[in-house]
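Asker: sequence? don't have it. structure:
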């Protein structure tokens, strides 16, 4: 009896849950999946199952205190069960396997031009696409070993396996692409990262070379830090970058986000190169911070050097820990980003006005600091000033993102 009920519930009934009295009675309602009351329940372009005026309903009331359940079933019409077949034809599966280089969305368009796929769901296409990709590339049940074995095969195609290490603290796999052989004279590279890939464990780093405005992937690092440790991350990234330097990659500019493990590793390996933060990441980081209403417990202090460099700073214009709310009002957040972006683009080789006035790098820095300071003063916002100065406008931070700090103007500005 129980087995039959379970089969019935799993295949032929739609559920709805409610609680009359959370302390006493919980009620679950099931409708027959072929009941006419569900005819307009879901908007879909899939083939619909046959409906009946069966008025099928199952009500389960559970007494939470006494652990007692009461079942009430109503089904006035005995009818055939629906066709639960969800198979995909062999022809469609074969077409997916032969075109697994397409992504699932492209595959659906491709299949629609050749087959009647109104009864094929997006999930089914994704399943067979994933299955096909796995069959094509998987070499071992362990994903690490599988990647290493695959890359060793691909070394015959100039895809070099550079790192394959697994220790108690980290796992790292790095490789270069065939593009590296044709891009050794690249002068600008972009390092970007994405996190929680491959079932949430791994960090993926990419080195992208820029050639005449187009980006080409030169290499990748797949990294798993077993315990989040900045020193370990920096060490692995340093080794990763060093492999590319030894293969002849020596850029003038290295673009990246504000990840200090990346920054420190790049500076260590390419000490002649200029590390330049990506404009998109700069604006994103600033916007996230100035929208925050998190209370700050401690503030950095201005030094004698700060006041000597910028005598216009009022030593009393300081935030206090009691200040709450967002750092910057919504209506002026865009103004802040516009000012920062303009400062990002200033350069000694670009005139600041129609008269052809040029400024040297130090003058640009001083003028920029004064402008952002006066903006904050006019807004009576010492918290905003404190954040922008210590995070972006001190000399060491300014050199990370202002293009004026290098005699050349790079082509790129985003990662």
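Answerer: Sure, I can see it. Owing to the predicted nature of the structure, the values given are computational and were not obtained by experimental measurement.

Asker: burial of residue 374, as a residue count?
Answerer: Residues contacting residue 374 under the criterion other C-beta atoms under 10 Å number 12. For the C-beta atoms, the positions are set from N, CA and C on the backbone; glycine is no exception.

Asker: in stretch 61-74, what's buried?
Answerer: For stretch 61-74, a neighbour-count test (16 or more other C-beta atoms under 10 Å) marks residue 62 as buried.

Asker: check stretch 375-382 too.
Answerer: Counting neighbours by 16+ other C-beta under 10 Å, the buried set in stretch 375-382 is 375, 376, 381, 382.

Asker: and stretch 130-141, by the same measure?
Answerer: Here stretch 130-141 shows residue 132 as buried, counting by 16+ other C-beta under 10 Å.

Asker: what segments of the protein are helices?
Answerer: For the chain, the helices defined by DSSP state H cover 2-12, 90-98, 104-112, 122-137, 143-154, 230-246, 260-269, 279-290, 304-309, 330-345, 361-378, 382-388, 395-401.

Asker: from residue 69, how far out is residue 279?
Answerer: Applying C-beta to C-beta, to the nearest Å, the value for residue 279 to residue 69 is 62 Å.

Asker: try residue 284
Answerer: Per C-beta to C-beta, residue 284 is found 53 Å from residue 69.

Asker: residue 224 too?
Answerer: As judged by C-beta to C-beta, residue 224 and residue 69 stand 46 Å apart.

Asker: please apply the same query to residue 282.
Answerer: 60 Å.

Asker: check residue 112 too.
Answerer: Counting by C-beta to C-beta, the gap from residue 112 to residue 69 is 47 Å.

Asker: go on, residue 402?
Answerer: Relative to residue 69, and taking C-beta to C-beta, residue 402 is found at 69 Å.

Asker: and if you look at residue 102?
Answerer: For residue 102 relative to residue 69 (C-beta to C-beta), the value is 50 Å.

Asker: any stretches of the stretch 151-300 of the chain with poor pLDDT?
Answerer: 156, 198-200 (pLDDT under 70).

Asker: pLDDT weak spots in the stretch 301-415 of the chain?
Answerer: Under the criterion pLDDT under 70, the flagged ranges of the stretch 301-415 of the chain are 414-415.

Asker: I'd say residue 387 and residue 290 touch.
Answerer: Yes. Contact criterion C-beta atoms under 8 Å: residue 387 and residue 290 qualify, at 7.1 Å.

Asker: now the common contact residues for these two.
Answerer: Common neighbours of residue 387 and residue 290, using C-beta atoms under 8 Å, 6 or more residues apart in numbering, are residue 327.

Asker: hang on, the earlier thing: please identify the most buried of the helices of the chain.
Answerer: helix 382-388 (a mean of 22; mean count of other C-beta atoms under 10 Å).

Asker: who touches it?
Answerer: The contact list for helix 382-388, computed with C-beta under 8 Å, 6+ apart, reads 286, 289-290, 296, 299-300, 317-319, 323, 327-328, 336, 340, 372-373, 376-377.

Asker: hang on, isn't residue 57 packed against residue 76?
Answerer: No. Look at residue 57 against residue 76 with C-beta under 8 Å: they stay out of range, at 9.9 Å.

Asker: neighbour count: the two, which is higher?
Answerer: Legend: neighbour count by other C-beta under 10 Å for residue 57 and residue 76, higher for residue 57 (17 against 10).

Asker: got the phi and psi for the nearest residue to residue 377 once chain neighbours are set aside?
Answerer: Distances taken as C-beta to C-beta, 6 or more residues apart in numbering place residue 317 nearest to residue 377, at 6.5 Å, with adjacent residues excluded. Main-chain torsions, residue 317, degrees, to the nearest 10: phi -80, psi 80.

Asker: and residue 317, how far is that from residue 257?
Answerer: 30 Å.

Asker: for these two, indicate the residue with more neighbours.
Answerer: residue 257 (18 against 15).

Asker: need the contact list for that one.
Answerer: Going by C-beta under 8 Å, 6+ apart, residue 257 touches 192, 193, 277, 278, 281, 285, 415.

Asker: Serialize those residues to CSV and add fields for distance to residue 135.
Answerer: Shown next, in CSV, are the contacts of residue 257 (distance: C-beta to C-beta, whole Å):
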residue, distance to residue 135
192, 30
193, 29
277, 42
278, 37
281, 37
285, 41
415, 34
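
Asker: between these, which sits nearest residue 173?
Answerer: Top of the list for closeness to residue 173, among these and by C-beta to C-beta, is residue 193 at 14.7 Å.

Asker: quick check: closest non-adjacent residue to that closest one.
Answerer: In this structure, residue 193 finds its nearest non-sequential neighbour in residue 205, 4.8 Å apart by C-beta to C-beta, 6+ apart.
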